[in-house]
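>>> what's the 3D shape of this:
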Amino acid sequence: VYTASKHAIEGLSESLSYELESQNITVKLVEPGAIRTTNFTPSTLSASQDAPTPPEYKVYVDRMMNAMMNYPFEDANEEHVAAIVYEAAGDESVRLRYVSGPDAEEMARLRWSTSEENYMTVMRDLMGQTAWRNSLGKQSLEQPNT
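Numbering: from 1, shown residues only. Prediction:
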């Protein structure tokens, strides 16, 4: 849901940028990377640990949470993100996207410079999908279907 809301904001911002240009209004979209020093991360972890997880879904959730805890990128820097917001606010060009943070920068680079297949492969690795899928293969070998 969190990621979906970010994609919705991106789509809305891009759509508005076309429409509002007719009124001399420029839309700016700042896309910061993960910042784990805020209360968002502990609150999310706490809420997700308290939520009941169906047994069929637990293997996936565990792999995804493990991927989040072992995220291979450094955090975005709050001061740099603030500087990017300031830059975007003062930029009179029609540029829409401003990216800040090692993970956001790498994901944007992958999205815009590689194939869909390569992008999805990397994202599945980062989000724990590959580890989850590999664990399913091991389970099916260990526990044949009845």
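
>>> below-threshold pLDDT in this protein: ranges please.
Applying pLDDT under 70 to the chain flags residues 137-146.

>>> and the helices in it?
Ranges of helices in the chain, per DSSP state H, are 2-20, 40-50, 55-69, 78-90, 102-113, 116-126, 129-142.

>>> would you mind measuring from Gln23 to Leu16?
Using Cβ to Cβ, to the nearest Å, we find Gln23 at a distance of 10 Å from Leu16. For every residue, glycine as well, the C-beta is placed using N, CA and C.

>>> same question, Pro42
As for Pro42, its distance to Leu16 is 33 Å (criterion: Cβ to Cβ).

>>> repeat for Ala82
Taking Cβ to Cβ, one finds Ala82 at 23 Å from Leu16.

>>> check contacts around the residue nearest to Phe73 when sequence neighbours are not counted.
Spatial nearest neighbour of Phe73, chain neighbours left out: Asp103 (3.9 Å); criterion: Cβ to Cβ, 6 or more residues apart in numbering. Counting by Cβ atoms under 8 Å, 6 or more residues apart in numbering, Asp103 makes contact with 33-34, 71, 73, 76.
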